[in-house]
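Participant: Pasted the sequence and its predicted model underneath.
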Amino acid sequence: MAMSVGGNGGGGGRRGGRRGGRRGAPIADINVTPLVDVMLVLLIIFMVAAPMMTSGVPIDLPQTQAGALNAQTQPITISIKQDGQVFLQETQIEAVDIAAKLQAIATTGYSERIFVRGDGKAPYGVIADVMSRIQEAGYKNIGLVTQQITDH
């Protein structure tokens with residue numbers, strides 16, 4: 001009987017057995033590719049959805065050549081539809097209740113911005129009445145929202 005010395009036999013040699021003990025060990029690295037993919041998809045979804053969430057009252061704004069305003073905070077929006085219905089944010093209210101509601105929601109005093117969105121076919125008297133009631137509530141920073149004229 002011949003015994004082999006240092007060949008492919010036994011498990012004690014350098015070549016045989018487990019090589020460094022790494023064959024069955026789990027990988028300790030974090031794979032961030034799926035995380036990046038999900039984040040990019042969410043970013044695109046929010047970029048598309050954000051402009052659609054600005055105001056819930058559909059009105060046809062008049063067009064002007066005035067430029068867009070830079071707003072750091074979310075303004076209070078009052079919308080006036082074509083038939084004269086008045087909305088504070090997305091809630092319909094009566095024109096006589098505007099001053100009381102605005103005084104109740106004054107969070108930073110009366111320096112908050114208030115945007116008046118009047119439909120292009122809304123009665124001018126209703127828009128003027130709403131603006132006077134806003135001033136009656138103590139607000140001075142009032143802006144009329146319009147659409148920019150696009151030259152094609």
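Facilitator: Perfect, thanks for sending it.

Participant: drop to CA atoms for contacts and neighbour counts, all remaining ones
Facilitator: Noted.

Participant: if I look at residue 78, how far off is residue 132?
Facilitator: 13 Å (CA to CA, to the nearest Å).

Participant: no no, residue 142
Facilitator: From residue 142 to residue 132 the distance is 10 Å (CA to CA).

Participant: before we move on, the earlier item: more crowded one of residue 78 and residue 132?
Facilitator: residue 78 (26 against 14; other CA atoms under 10 Å).

Participant: can you give me the strands in this protein?
Facilitator: 63-64, 76-80, 86-88, 91-93, 114-118, 142-144, 147-148 (DSSP state E).

Participant: who touches residue 143 in this structure?
Facilitator: Contacts for residue 143 (CA atoms under 8 Å, 6 or more residues apart in numbering) come out as 113-116.

Participant: Now the two most distant members of those.
Facilitator: Maximum pairwise distance among the contacts of residue 143 (CA to CA): 9.9 Å, between 113 and 116.

Participant: The two - which one has more neighbours?
Facilitator: Higher neighbour count among residue 113 and residue 116: residue 116, with 22 against 17, using other CA under 10 Å.
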